[in-house]
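In: My questions concern the predicted model and sequence given below.
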Amino acid sequence: MIGLDELTRRFAALDDAELARWIENRWILPEEEGGRWLFHEVDVARVELILDIRSQFAVDDEALSLVLGLLDQVYSLRRQMRRLCDALECQPPEIRDAIRQALPKPGEGV
């Protein structure tokens, strides 16, 4: 975990007031300890993502909230798919083969 000073050193474009708004909007979820914020690596990655989105696409806060929500859904679905694939790999070969046969072939659609 890192503190606010380290975070702002890493990202010159990061403004304290803007970061406070992101935390208030719950886009960044640092821990609070002794009256100061502590940021996990996931928070640091999220700050970088927000800065990239804002600089590359010039979106406002309302649109950014929507984009972040959609990205969160995509990441959640990817985690669920990874768990499903891991569970399938634990199944006997005949079960895996039956599932593969039931899946549409690439280009066939859903």
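Out: Yep, it's here.

In: so how far is residue 102 from the residue sitting furthest away from the middle of the chain?
Out: What lies farthest from the middle of the chain is residue 94; by Cα atoms, centre = their mean that is 35.5 Å. According to Cβ to Cβ, to the nearest Å, residue 94 stands 13 Å off from residue 102. C-beta coordinates here come from the backbone N, C-alpha and C atoms, glycine included.

In: and what of residue 53?
Out: On the measure of Cβ to Cβ, residue 53 and residue 102 end up 38 Å apart.

In: Comparing these two, which residue is more hemmed in?
Out: Taking other Cβ atoms under 10 Å, residue 53 and residue 102 do not tie; residue 53 has more neighbours (16 against 7).

In: Longest helix in the chain, please.
Out: In the chain, with assignment by DSSP state H, the single longest helix is helix 61-89.

In: Tell me which residues of that one come out buried.
Out: Under the neighbour-count criterion of 16 or more other Cβ atoms under 10 Å, helix 61-89 has 64, 67, 68 buried.

In: so which of those comes closest to residue 2?
Out: residue 68 (21.1 Å; Cβ to Cβ).

In: Right, I'll call it a day here.
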